[in-house]
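[1] pasting a predicted model and its sequence here:
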Amino acid sequence: MAILNEEQEMLRDMARGWATNENPITAWRKVRTEKPAEGYSPDVWRTMGEMGWAGIVIPEEFGGSDFGWMSAGLVVEELGKTLTASPMIASTLAASAIVMGGSEEQKQKWLPRLATGEVVGTLAFDESPRHTGRYSVAVDGGKLSGTKAFVHEAHGATLFVVAAADGLYLVEKGDGVSLSDRKLTDQRSHAEVTFNGAAADKLANGREDLVDQVLDRARILTAAEMLGMAQQVFDVTLDYLKQRVQFNQVLASFQALQHRMADLFGDLAMMRSAVEGGLEALDGGYGIPRAATVAKAEANRVLHTMSREGIQLHGGIGMTDEYDVGFFLKRARVLEASWGSTGYLKNRFATLAGY
């Protein structure tokens, strides 16, 4: 496990306490039932902004705390344990794009409002059902046109960071921007976003690898959410096996089930190592592409197995809406496909290694 400083431990404990006590999974059930237009509770997001979570990776001069990616990952992991619906990841990634590639004017305009949560940002990258890393959206005379097939947290977003053929652009929601709902199995906010002559502001200091830099951050932070989900599924399943009685014995006493849980425990440790390695790489500024690829690929592998085993080890009741474990499987399948499937990531790692 990563070695945390005192401030990071306090942040993790605060996030854990808040998620457990103030925003448990019953809060997600409420969002699912009430279906707010944003796809999450604005009050919950406002509270998260007041706690400073929206500005963790934003420099202090622009209203953030500049607390680093490990700190952001700690918060995201705890939110993943309760399936908290929020634009935390999406808005953090949009802010990071501006931090890395924005001009002073662009930073002054957007970062302070992103840091407080007043403005919600998101990435508009993928143009097909699968992440390909290729972008055809065009910009002519400062006007951007094209369609992005899957945009997370699009309904509550004010600002889109759009990947075009020649770099990243900032587009505000408004004229020339239209959304079409995407109904995915996790029941969160996803949309197809069409830009038709929308005013676009290109990130002024964008390097050639800026898109990949943002994607690496997306993979690692998404993997942190998946880590929290995997940990929760493991803990809930273990508790269930310890209390469920079958054939006059608790299920945890059966050696075959003990072996399965031991395998999952080992997988979880491997996943944690990969994800925390990715967060440390971001903070240290070294080996980021490989670390991001490994973190997301391992998160895909372990959460896929963990969510499937969690359902199966709960037996028939695991398939019912009464039990929470099914929600984790549904969210897992969406996140596995985000920012690169396992096959895509394996190919990317081979390319990075020179094969």
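    Structure's in. What do you need?

[2] now do the helices in the stretch 51-200 of the chain.
    69-81, 88-101, 104-116 (DSSP state H, counting those that start in this stretch).

[3] in TSV: those helices, plus distance to residue 283 and mean neighbour count.
    Placement of C-beta: from N, CA and C, glycine included. Formatted as TSV, the helices of the stretch 51-200 of the chain follow (distance: least, CB to CB, whole Å; neighbours: other CB atoms under 10 Å):
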stretch	distance to residue 283	mean neighbour count
helix 69-81	5	26
helix 88-101	13	24
helix 104-116	19	19
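
[4] any chance of those in TSV, plus distance to residue 228 and mean pLDDT?
    As requested, those are exported to TSV (distance: least, CB to CB, whole Å; pLDDT from 0 to 100):
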stretch	distance to residue 228	mean pLDDT
helix 69-81	3	98
helix 88-101	12	98
helix 104-116	23	97
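
[5] so in this protein, where's the weakest helix or strand by average pLDDT?
    strand 245-246 (a mean of 77; mean pLDDT, DSSP states H and E).

[6] partner strands of that one, parallel or antiparallel?
    strand 249-250 (antiparallel) (DSSP bridges).

[7] which element follows the partner strand toward the C-terminus?
    Downstream of strand 249-250, the first helix or strand assigned by DSSP states H and E is helix 255-284.

[8] mind giving me the packing neighbours of that next one?
    helix 69-81, helix 210-243, helix 288-313 (3 or more CB pairs under 8 Å, 6 or more residues apart in numbering; DSSP states H and E).

[9] figure out which of these is closest to residue 122.
    helix 210-243 (10.5 Å; CB to CB).

[10] the closest one to helix 255-284, inter-axis angle?
    If you take axes from the mean of the first three to the mean of the last three CA atoms, to 10 degrees, helix 210-243 sits at 150 degrees to helix 255-284.

[11] look up how far residue 174 lies from the closest residue to residue 325 other than its chain neighbours.
    Nearest residue to residue 325 in three dimensions, chain neighbours excluded: residue 310, at 4.8 Å (CB to CB, 6 or more residues apart in numbering). Noted for residue 310: a distance of 42 Å to residue 174, by CB to CB, to the nearest Å.

[12] who's more crowded, those two?
    Neighbour count, other CB atoms under 10 Å: between residue 310 and residue 174, residue 310 has more, with 28 against 9.

[13] quick check: closest non-adjacent residue to residue 270.
    residue 298 (6.3 Å).

[14] can you tell me how far the one you found is from residue 345?
    9 Å.

[15] show me the contacts for residue 30.
    residue 41 (CB atoms under 8 Å, 6 or more residues apart in numbering).

[16] for it, give me phi and psi.
    phi -70, psi -40 (degrees, to the nearest 10).

[17] tell me the pLDDT of it.
    Confidence at residue 30, expressed as pLDDT, is 97.

[18] same deal with residue 207?
    64.

[19] thought residue 77 was touching residue 228?
    Yes: contact criterion CB atoms under 8 Å: residue 77 and residue 228 qualify, at 3.8 Å.

[20] CA-only coordinates of whatever helix or strand residue 10 lives in in PDB, if you can.
    Assigned by DSSP H and E, residue 10 belongs to helix 6-22. In PDB, the C-alpha atoms belonging to helix 6-22 read as follows (Å, rounded to 0.1, in the frame of the first residue of the first chain):
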ATOM      1  CA  GLU A   6      -0.800  12.900   7.800                       C
ATOM      2  CA  GLU A   7      -2.800  15.300   5.600                       C
ATOM      3  CA  GLN A   8      -3.700  12.500   3.100                       C
ATOM      4  CA  GLU A   9      -4.800  10.200   5.900                       C
ATOM      5  CA  MET A  10      -7.100  12.900   7.200                       C
ATOM      6  CA  LEU A  11      -8.500  13.500   3.700                       C
ATOM      7  CA  ARG A  12      -9.100   9.800   3.200                       C
ATOM      8  CA  ASP A  13     -10.800   9.400   6.600                       C
ATOM      9  CA  MET A  14     -13.000  12.500   6.000                       C
ATOM     10  CA  ALA A  15     -14.000  11.100   2.600                       C
ATOM     11  CA  ARG A  16     -14.700   7.700   4.000                       C
ATOM     12  CA  GLY A  17     -16.800   9.100   6.900                       C
ATOM     13  CA  TRP A  18     -18.800  11.400   4.600                       C
ATOM     14  CA  ALA A  19     -19.500   8.700   2.000                       C
ATOM     15  CA  THR A  20     -20.400   6.100   4.600                       C
ATOM     16  CA  ASN A  21     -22.600   8.400   6.800                       C
ATOM     17  CA  GLU A  22     -23.900  11.100   4.500                       C
END
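
[21] which outside residues touch that helix?
    4, 47, 51, 53, 67, 70-71, 74-75, 78-79, 81-82, 84.

[22] farthest pair in these?
    4 and 47 (23.6 Å).

[23] low-confidence stretches in the chain?
    Across the chain, the ranges flagged by pLDDT under 70 are 206-208.

[24] can you do 80?
    1, 205-208, 245-248, 251 (pLDDT under 80).

[25] can you pull up the most central residue in it?
    In the chain, the residue lying closest to the centroid (CA atoms, centre = their mean) is residue 222, at 3.2 Å.

[26] list the contacts of that residue.
    Going by CB under 8 Å, 6+ apart, the list of residues near residue 222 reads 89, 296, 299, 335, 338, 339.

[27] tell me which helix or strand comes right after the helix or strand harbouring the fourth one.
    In this structure, residue 335 is located in helix 325-337 according to DSSP H and E. The helix or strand immediately downstream of helix 325-337 is helix 342-352, counting by DSSP H and E.
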